[in-house]
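Enquirer: Just need the structure, nothing else, for what follows:
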Amino acid sequence: MPLFGELFISEILKKPVYDPKGEIIGKVKDLVVVKGDPLPKVASIIIDRPQGICRIGWERTNIFNKRIISSFINALEAEDYDMDDDDLLAVRDILDKQIVDANGAKVVRVNDIKIEGYEEEAVLIAVDVGMRGIMRRLGIERGGEELLRLFKTNLPYNLISWNYIQHLKPKLQTISLTVPRQMLSDLHPADIADIISRISREEGAHLFKDLDLETAAEALSELKPDMQADIINAMDAEQAADIIEEMPPDEAADVLSDLPTEKAQEILEHIEKEEAEDIQELLGHEEDTAGGLMTNEFIAYGPEVTVAQAIERFKKDAGEMEAVYYIFVVDENEKLVGVTSLRELILGDPSATLAEIMETKTKTVTTNADDLVVAEIISKYNLVALPVVDSEGALVGIVTVDDVIDRILPPAAKRLRRKV
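Expert: Residues are numbered from 1 along each chain as shown. Predicted coordinates for the structure are as follows:
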């Protein structure tokens, strides 16, 4: 029996269902949904009646629209039904569930479900995630339209086509969208992290696996520590290592410090030796110190290097770094002797040496300096990066201003790094 027009599920809930004699069988309680081609379809109508719940198969439906629903069978022929966990039910399993809207880079709620007729079937074509869906369920959609019309404003539709929704399963907690990998990768990592943090851990891990390595690493950095640990823990060591290698050493160390020691060591064994050593070095510093804040990813050249040479080397060395603020100048023993900004480098005489253009009055801290002291120095001298030296004055890392900002966030958001 074809569906007469389009409708939303909220428009038929609790509507009476009539038999051929015009007697009421019961009221619509839910719809059983099954896989269809190309869209999921209604397999049967779940009906609530005084003597218990029953169902009527779609093939026995006579009229189905927002005004009247009727069946070919009489009330006595309706099949008793127990709410089966193996069935996918529209109201129980889809309505009011969260859904990932990749186009809007946010998590929204299914407020209603749109149904249309298609080749003798009733198919689910979209979910309503907007205000219309809420107002429709409250029975005030028309009134809301008229009110907004007085202000020369329309009540917008906010529908997500079913073509974008992944395969559903009964009793699901969250509905995910089938999002092309490129579309997902085009979102800002912070938006991806926000989406992942608002859905179930299972769905979040599934969404994360669809990201390319670079995007996955950036999104991982934006997640809270417990979510980071859950996602990395769920991966095999080799896959996790590929993502960790894409991260700056200090952020990689933060992630690994939240994992079980065995898992962290297993991942480190799959990371290239040089990068693993950099991460291990950072893991060795106490939390709440300059060493615990710093990254050992920086650019340093000798004082005899010319501006022209430094620029050429910089083009190659800075390629895979997260951010570069200064060129540090070190002697043959790696001791810090000066620093120059990128502006000074670019504007400098190409034949001049770094020794000639560098600033020698450089503020530094040691690895065991308190993080509050680090923050005070960066703030007082308007620095974007503060060099960290060891007891002998050798440059071992830098603390960037964003590292300090992360550290002075409220305590609930702070990370406690432990040694691995």
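
Enquirer: Report the helix or strand with the lowest average pLDDT across the chain.
Expert: The weakest-scoring helix or strand in the chain, judged by mean pLDDT, DSSP states H and E, is strand 174-175 (a mean of 50).

Enquirer: Now stretch 82-90 - C-alpha only, PDB.
Expert: C-alpha atoms of stretch 82-90 as PDB (Å, rounded to 0.1, in the frame of the first residue of the first chain):
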ATOM      1  CA  ASP A  82       6.900  -8.200  22.700                       C
ATOM      2  CA  MET A  83       9.300  -5.200  22.500                       C
ATOM      3  CA  ASP A  84      12.200  -7.200  21.000                       C
ATOM      4  CA  ASP A  85      15.800  -5.900  21.600                       C
ATOM      5  CA  ASP A  86      16.700  -7.400  18.200                       C
ATOM      6  CA  ASP A  87      14.300  -5.200  16.300                       C
ATOM      7  CA  LEU A  88      15.200  -1.600  15.300                       C
ATOM      8  CA  LEU A  89      12.400   0.600  16.500                       C
ATOM      9  CA  ALA A  90      12.100   4.200  15.200                       C
END
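
Enquirer: residues of that stretch that come out buried?
Expert: Of the residues in stretch 82-90, 87-90 count as buried by neighbour count, 16 or more other CB atoms under 10 Å. Quick note: C-beta positions are derived from backbone N, CA and C, even for glycine.

Enquirer: Any stretches of this protein with poor pLDDT?
Expert: Low-confidence segments of the chain (pLDDT under 70): 1-4, 100-106, 144-145, 147-152, 163-185, 200, 203, 407-420.

Enquirer: Wait, a helix at residue 202?
Expert: Yes. Residue 202: assigned to a helix according to DSSP: H, G, I helix; E, B strand; the rest coil.

Enquirer: for the stretch 51-200 of the chain, what spans make up the helices?
Expert: Ranges of helices within the stretch 51-200 of the chain are 90-93, 131-138, 141-150, 181-185, 189-198, based on DSSP state H, counting those that start in this stretch.

Enquirer: how does the protein divide up, domain by domain?
Expert: Taking automatic domain parsing as the reference, the chain has its domains at 7-93+112-128, 185-283, 300-413.

Enquirer: could you dump these to a markdown table with distance to residue 99?
Expert: Formatted as a markdown table, those follow (distance: least, CB to CB, whole Å):
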| stretch | distance to residue 99 |
| --- | --- |
| domain 7-93+112-128 | 6 |
| domain 185-283 | 9 |
| domain 300-413 | 27 |
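
Enquirer: Which of those domains sits closest to residue 290?
Expert: The minimum distance between residue 290 and the domains of the chain falls on domain 300-413, with 4.2 Å, by CB to CB.

Enquirer: Please, which helix or strand holds residue 214?
Expert: helix 213-222 (DSSP states H and E).

Enquirer: my guess is residue 283 meets residue 255, correct?
Expert: No. With contacts counted by CB atoms under 8 Å, residue 283 stays clear of residue 255, the gap being 10.8 Å.

Enquirer: Show me which of the two is the more surrounded one.
Expert: The neighbour comparison of residue 283 against residue 255 (other CB atoms under 10 Å) goes to residue 255, with 26 against 20.

Enquirer: where does the closest residue to that one other than its chain neighbours fall, phi/psi-wise?
Expert: Leaving aside its sequence neighbours, residue 255 sits nearest to residue 228 (CB to CB, 6 or more residues apart in numbering; 5.2 Å). Main-chain dihedrals, residue 228, degrees, to the nearest 10: phi -60, psi -50.
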